[in-house]
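Asker: Take this sequence and fold it.
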Amino acid sequence: MKIVDCRGQACPIPVLKTKEALSQLEEGEITVIVDNKASRENVKRFAQKEGCSVEVEEKDGLFYIKITKGATPEKRKEEEPEKGGAPVQKGRPVVLIASSYVGEDPELGKILIKGFIKTFLNADPMPEKIVLINTAVKLACKGADEEILNALKELSEKGVEIICCGTCLDYFGLLDQLEVGVASNAYDVVQSLVNASSVIRL
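Answerer: Numbers count the residues shown, from 1 in each chain. Next up is the predicted model:
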């Protein structure tokens, strides 16, 4: 069984190394070793999205992630080309929010960000995903503006994927304070942006 040692390595290296190891494996097992919760969750989610089974064991402050790849993994695909045709375009945008307020004036910007996020509930079409990076991750955590938090929760319930930068959450000490969405990694964020039909930046 192959060991992928990712101790001391920052996002998105553990996910990228896991991806590389799985791509070289027809079927079988690998064990990925990480030393923080964010990497544990990122590697686990990536492997599950690839159709693999995952077991996690914690020992002496390290996480041992055992990933089993089958002969015919059912990889989840967001876009499936039709036979003899072009890929199906969903047409729903991805929204990238990189700050807890919009524009240059913080006070006005806090009013604007609340208005925009609440208005997405009535957008047609609704966003496919909302990606929160930098200080914007605070909008999805305990202690955030209640109206914003409730709007994000309602968007999530209606099928909008809320993706929060795990490195950003860790930087602000908020990994355990996340109220809505998932703590993700740079690889997932980049894939979300490059595969989007369009990207809206607030």
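Asker: Going by C-alpha atoms from here, please, whenever you check contacts or count neighbours.
Answerer: Will do.
Asker: What is the end-to-end distance of stretch 116-123?
Answerer: Stretch 116-123 has an end-to-end distance of 10 Å (C-alpha to C-alpha, to the nearest Å).
Asker: Could you give me the buried positions within that stretch?
Answerer: Of the residues in stretch 116-123, those buried by neighbour count under the rule 16 or more other C-alpha atoms under 10 Å are 117, 118, 120, 121.
Asker: Need the residues you listed in TSV (columns: pLDDT and distance to residue 163).
Answerer: Written out in TSV, the entries for these read as follows (pLDDT from 0 to 100; distance: C-alpha to C-alpha, whole Å):
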residue	pLDDT	distance to residue 163
117	96	14
118	94	17
120	95	16
121	93	17
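Asker: I'd like the average pLDDT over stretch 145-153.
Answerer: With pLDDT averaged residue by residue, stretch 145-153 scores 96.
Asker: can you tell me which of the buried residues of stretch 116-123 are in helices?
Answerer: Using DSSP state H, the members of those that fall in helices are 117, 118.
Asker: Pass me the low-pLDDT residue ranges in the protein, would you?
Answerer: In the prediction, the chain carries residues with pLDDT under 70 at positions 71-90.
Asker: Can you give the domain ranges for it?
Answerer: 2-69, 94-201 (automatic domain parsing).
Asker: Between the two ends of the shortest one, what distance do you get?
Answerer: Its start and end residues considered, domain 2-69 measures 12 Å (C-alpha to C-alpha).
Asker: So what's the gap between it and the chain middle?
Answerer: Between the mean C-alpha point of domain 2-69 and the mean C-alpha point of its chain there is a distance of 16 Å (C-alpha atoms, centre = their mean, to the nearest Å).
Asker: Please apply the same query to the last one.
Answerer: Averaging C-alpha coordinates over domain 94-201 and over its chain gives two centres that are 11 Å apart (C-alpha atoms, centre = their mean).
Asker: For residue 178, state which of the buried residues of stretch 116-123 is nearest.
Answerer: Ranking the buried residues of stretch 116-123 by separation from residue 178, with C-alpha to C-alpha as the measure, puts residue 117 on top at 17.3 Å.
Asker: Grab the most central residue of this protein for me.
Answerer: Against the mean C-alpha coordinate of the chain, by C-alpha atoms, centre = their mean, the closest residue is residue 184 at 3.2 Å.
Asker: Identify the bridge partners of it.
Answerer: residue 165 (DSSP bridges).
Asker: just residue 53 next, same as before
Answerer: Taking DSSP bridges, one finds residue 68 as the beta-bridge partners of residue 53.
Asker: got the contact list for the residue nearest to the centre of the chain?
Answerer: Taking C-alpha atoms under 8 Å, 6 or more residues apart in numbering as the contact definition, residue 184 lies against 38, 41, 42, 163, 164, 165, 166.
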